[in-house]
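**Q** Pasting a predicted model and its sequence here:
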Amino acid sequence: MEAGKITRAVRENAVYFFKWTAISLCLGGICGSVGGFFSNCVAWATAFRQEHGWTLYLMPLAGVMIVWLYHIFCQDKDRGMDMVLDAISGKGSVTAVTGPTIFIAALLTHFVGGSCGRVGAALQIGGSIGSTAGRLIRLDEQDKKIAVMCGMSAAFGALFGTPAATGIFPLEVASVGNLYHAALIPCMFSSFLGAGIARAMGAGYERYKILDMPLFDLKNAALVVILAILCALVSIGLYVLLRHMSEFYVYCWKNPYIRILAASGIIIGLTLLSGTREYNGGSKQLIEHALEGYVRVQDVLLKALLTAATLGGGFKGGGVMPALCVGATFGCMFGQLLGLSPSLCAACGMMALFAGVTNCPVSTLLLAVEMFGREGLPFFILAVVVAFALSGQYGLYGNQQFVRGKLNMEL
């Protein structure tokens, strides 16, 4: 009897392993290729924009094109990442046209200088491909959810080149307090393959160096904890700003075409008033400057304002890179004021903001190691767990489920 149970369990495990190895490798290959192409397209659009400042003034035209694109593909009520999260929770599905529309819309946004990132778009692209593949090969409802997460992992991994973090991220982001362990192998396989394919396609990676690593002692640990507490408040403030800016746009301009034209005017005006183009696009240069210890007082506020103006007005992209920029600049300022390595504080600020706005502490720690190396891990652990715990039930993704509370076992 016992031998029969063992044999059956081994057989079921083998079927699961080979089934999802095949599916995840297929999805990893497709999503990794699309993700790598998307990454290269955004890199080209960014480089072209930086060399030709006049592209900023095409923002009204790009905005109208985005609204029109979503209208003709019946995506007027686009819910972005909320649609993907609903597909994982079983409350909906991701349409096949979601991927192409967000691909084009995000590319247009980056081309004209909207302040946004790429991650949100990549997750929607991957989720769309995974959901469509699940329907085509007639997976059951539970397996469709895993397919969606596989696509997300592969596309995210293709962008950041951090396969361990991006392999865990979809399992963690869908439901805070409850990991989808059944998707662990498929998402990891997809993520590593997607990252590898994107690397072969020449896609860039997020790798940074901390210039001055201080000793991990009681004083420095305490300062990082204080930084993490402040970053939790900043992450809540960023959430409130993004949400209220979106509500402000809808309240003032009901028509989406007028709304995105108004957003274009606001973004162009803020950009010209700032006197720099560093707040446009993903603003990777802001992160690099912060890690080098150079930051301006207005960097945190202007990056947050421009991001809210961009995403709230109807332009497409993601909020992860802007959050990393805000965290880096805020952390650098904190380090300068209190005499702790500004480079380390910028890195800790990045990770604290990422944990605060995504509610994914495990993914964040893996991301920290893959982006910065293991030397600063004790500091990163403190920054991430404190910011995660104190950031509350807020974040970039409105439909993210909280199965358990952060500070107790019940909501």
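**A** Sure, I can see it.
**Q** what packs against the host helix or strand of S191?
**A** Applying DSSP states H and E as the criterion places S191 in helix 184-200. Using 3 or more CB pairs under 8 Å, 6 or more residues apart in numbering; DSSP states H and E, the elements in contact with helix 184-200 are helix 2-51, helix 141-160, helix 163-173. Any C-beta I mention is one placed from the backbone N, CA and C, and that applies to glycine too.
**Q** Point out the most buried one among these.
**A** Greatest average neighbour count among those goes to helix 141-160 (a mean of 29), per mean count of other CB atoms under 10 Å.
**Q** mean confidence score for that helix?
**A** For helix 141-160, mean pLDDT is 94.
**Q** between that helix and helix 184-200, what angle do the directions make?
**A** With axes from the mean of the first three to the mean of the last three CA atoms, to 10 degrees as the basis, helix 141-160 and helix 184-200 are set at 30 degrees to each other.
**Q** Mind giving me the packing neighbours of helix 141-160?
**A** helix 2-51, helix 81-89, helix 119-136, helix 163-173, helix 184-200.
**Q** for the stretch 101-250 of the chain, which spans come out with low pLDDT?
**A** Low-confidence segments of the stretch 101-250 of the chain (pLDDT under 70): none present.
**Q** swap the cut-off to 80 and go again
**A** For the stretch 101-250 of the chain, residues meeting the criterion pLDDT under 80 lie at 177, 204-206.
**Q** now swap in the stretch 301-411 of the chain and tell me
**A** Looking at the stretch 301-411 of the chain by pLDDT under 80, you get 398-411.
**Q** ranges for the strands of it?
**A** Per DSSP state E, counting those that start in this stretch, the stretch 301-411 of the chain carries strands over the ranges 401-402.
**Q** Pull out the buried positions in stretch 332-343.
**A** Neighbour counts over stretch 332-343 (16 or more other CB atoms under 10 Å) mark 332-336, 340-343 as buried.
**Q** follow-up on the earlier one: after the helix holding S191, which helix or strand is next? Please name it.
**A** Of the helices and strands lying after helix 184-200 in sequence (DSSP H and E), the nearest is helix 218-252.
**Q** same for that next one, what does it pack against?
**A** Where contact means 3+ CB pairs under 8 Å, 6+ apart, helix 218-252 is packed against helix 256-274, helix 299-312, helix 320-338, helix 342-358, helix 377-390.
**Q** and the angle from the last one to helix 342-358?
**A** Using the same axes, to 10 degrees, the direction of helix 377-390 lies 30 degrees away from that of helix 342-358.
**Q** Only alpha carbons, please: show helix 377-390 as CSV.
**A** Output of helix 377-390 as CSV, limited to C-alpha atoms (Å, rounded to 0.1, in the frame of the first residue of the first chain):
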residue,chain,number,x,y,z
LEU,A,377,23.4,42.3,2.2
PRO,A,378,23.1,43.0,6.0
PHE,A,379,22.2,46.6,5.3
PHE,A,380,19.8,45.6,2.5
ILE,A,381,18.0,43.1,4.8
LEU,A,382,17.4,45.8,7.4
ALA,A,383,16.3,48.3,4.8
VAL,A,384,13.9,45.9,3.0
VAL,A,385,12.2,44.3,6.0
VAL,A,386,11.6,47.6,7.8
ALA,A,387,10.3,49.4,4.7
PHE,A,388,8.1,46.4,3.8
ALA,A,389,6.6,46.1,7.3
LEU,A,390,5.9,49.8,7.7
